[in-house]
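Q: Please work out how this folds:
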Amino acid sequence: MTTTIGLLSTEQPPTALVLALAPVLAASGVQVIAAVDDFLGFDIDRRAAAGLMLIPGSGASAAERIPAERVFWIGEPPFTPTPPVGRTLGKARFHEVVGLLNGHANGGTLHRAVQETGSFILSGLRIFDQTSAAYAIDGALKSGTAAERFAAVFGHEVMSDPGLRAPLPATRRDVIAPRRAKVSGWSAGPLRAALNALGNGGAIGRLVPPGTATGPRKPVARLYATDPEQVDAAQSLLVDALVLE
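A: Numbers count the residues shown, from 1 in each chain. Model (predicted):
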């Protein structure tokens, strides 16, 4: 009998990790029901075809509606301490997940988080031992099986154009650090506040990872919103979130 598990984010707004983990675990032999709380349009139940079901909602109310044997609350794991797990927030998360599943974003924090969290879940369920679980997660990504599960829910066309499901707003601005230094991380509170300031449909993309050297021509992030006033407010908060050495 196939094991059914639920995935639910502890983060508000959620990181990209739940959305990325769901098709990878589905491709590893478990039935997955994941709660996705905001911007995505999807067929609410294609589990028969993809081993993957998405439901709208977040928090405890969503947990009560997940018909799974075991629900995993997914947050910022200890092995990726610098938020966010990926390099994006808001609608840009969808683009980052598509890039990971297509093999264009290997080696980053989201990739490592999917590998380690997925291995932890599979070994914890005693479906695989720890070594075999790691191979299963890696195989789901490299073989394209996880991408197929994702495309079965969202449509194959989004794998080449994720903007079809998660269009990014037209007003965009690259943010420059206030001085030359090295990025040591991002503060979660101001980062989430910056996303909220961008309004419905806003996004933060291209957050540079820790260790990046800043400069006058090297953006540390890109903001997306529907109007410049939202971007102005978010830019100030984003600079506050940037931790420089």
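Q: neighbours around Gly107, how many?
A: Neighbour count for Gly107, taken as other Cβ atoms under 10 Å: 7. In this view, the C-beta of every residue, glycine as well, is placed from N, C-alpha and C.
Q: no, scratch that, I was asking about Glu116
A: 16.
Q: Kindly report the same for Pro84.
A: 27.
Q: Same check on the one 4 residues further on?
A: Here the count is done by other Cβ under 10 Å, and Thr88 has 25 residues near it.
Q: Please apply the same query to Ile74.
A: 25.
Q: and the gap between it and Gly59?
A: 13 Å (Cβ to Cβ, to the nearest Å).
Q: Now do the shared contacts for these two.
A: Applying Cβ atoms under 8 Å, 6 or more residues apart in numbering, one finds that Ile74 and Gly59 are jointly contacted by Leu8.
Q: Show the subsequent helix or strand relative to the helix ranked longest in the chain.
A: If you go by DSSP state H, the chain has its longest helix at helix 109-124. Per DSSP states H and E, helix 109-124 leads on to helix 130-142 as the next helix or strand towards the C-terminus.
Q: And that following helix, what's buried?
A: Across helix 130-142, burial judged by 16 or more other Cβ atoms under 10 Å covers Ala133, Ala134, Ala136, Ile137, Asp138, Ala140, Leu141.
Q: nearest residue to the third one other than its sequence neighbours?
A: Spelled out, that is Ala136. Residue nearest to Ala136 in three dimensions, not counting chain neighbours: Ser28, with 4.5 Å by Cβ to Cβ, 6 or more residues apart in numbering.
Q: rewinding a little: what's next to the longest helix of the chain, contact-wise?
A: Here helix 109-124 has contacts from 5, 16-17, 20-21, 24-25, 28, 30, 72, 74, 77, 79-80, 82, 85-87, 96-97, 100, 105, 128-130, 133-134, 136-138, 140-141, 209, using Cβ under 8 Å, 6+ apart.
Q: Can I have the buried ones of the residues you listed as a PyMOL selection?
A: In PyMOL, a selection of the buried entries from these looks like this (16+ other Cβ under 10 Å):
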select buried, resi 5+16+17+20+21+24+25+28+30+72+74+77+80+82+85+86+87+96+97+100+105+128+133+134+136+137+138+140+141
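Q: SS state for the residue nearest to Ala136?
A: coil (DSSP: H, G, I helix; E, B strand; the rest coil).
Q: I figured it hits Asp138, correct?
A: No: counting by Cβ atoms under 8 Å, Ser28 does not reach Asp138; the two are 9.9 Å apart.
Q: What is the neighbour count of Arg217?
A: Arg217: 6 neighbours (other Cβ under 10 Å).
Q: pLDDT at it, what is it?
A: Note for Arg217: predicted pLDDT of 91.
Q: which intervals of the protein have sub-threshold pLDDT?
A: 1, 13, 37-50, 76-83 (pLDDT under 70).
Q: Show me where the protein has its helices.
A: 17-26, 47-50, 59-64, 92-101, 109-124, 130-142, 145-154, 188-197, 228-241.
Q: for the ones you listed, which one sits closest to Ala34?
A: Closest approach to Ala34 among those (Cβ to Cβ): helix 17-26, 4.0 Å.
Q: That closest one - contacts with which helices or strands?
A: strand 4-9, strand 31-36, strand 52-56, strand 70-74, helix 92-101, helix 109-124, helix 130-142, helix 145-154 (3 or more Cβ pairs under 8 Å, 6 or more residues apart in numbering; DSSP states H and E).
Q: between it and helix 130-142, how many degrees?
A: Relative orientation of helix 17-26 versus helix 130-142 (axes from the mean of the first three to the mean of the last three Cα atoms, to 10 degrees): 100 degrees.
Q: Please consider this matter closed, and thank you.
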